[in-house]
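Chemist: Any chance you can model this:
(one chain, ligands or ions: 1)
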Amino acid sequence: MLYHVRMDVRLPADLDPGAREEIVAREKEYSRRLQRAGKWPQLWRIAGEYANFSILDVADHDELHAVLSGLPLFPYMDIQVTPLAAHPSKVTG
Ligand SMILES: O=C(O)CC1=CCC(=O)O1
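Modeler: Sure thing, here's the model as predicted:
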């Protein structure tokens, strides 16, 4: 199943710079592992914001929740999920 996900990152302004660097590095590694596995096929920065639009390709809502709640930055994110269905006018092939 495909999901459109918006993630807004809201790290505390007073977060220790070393802790910030460490959690962002873990986030990068976590997302790259999922990208290589084909579960995170699209990742776009929203221009001018510390936020992204992503497309996640996972089995179901439960796997989506597991992926999102496993994000190192999950405690510092606002997340909006939109499940995607096939559009009848889409040309395929
Ligand atoms: O920087 C972000 O938008 C948060 C994020 C999600 C995956 C990643 O590598 O960073």
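Chemist: make it CA atoms for all contacts and neighbour counts henceforth
Modeler: OK.
Chemist: number of nearby residues for Glu21?
Modeler: 12 (other C-alpha atoms under 10 Å).
Chemist: Name the residues of the helix or strand harbouring it that come out as buried.
Modeler: Glu21 belongs to helix 17-36 when assigned by DSSP states H and E. Using 16 or more other C-alpha atoms under 10 Å as the test for burial, helix 17-36 gives Glu27, Ser31, Gln35.
Chemist: Torsion angles phi and psi at the spatially closest residue to the last one that is not a sequence neighbour?
Modeler: What sits nearest to Gln35 in space, not counting adjacent residues and going by C-alpha to C-alpha, 6 or more residues apart in numbering, is Pro41, at 5.9 Å. As for Pro41, its main-chain torsions (degrees, to the nearest 10) stand at phi -70, psi -20.
Chemist: Contacts only, for Pro41.
Modeler: Going by C-alpha atoms under 8 Å, 6 or more residues apart in numbering, Pro41 touches Gln35, Ser54, Ile55, Leu56, Asp57.
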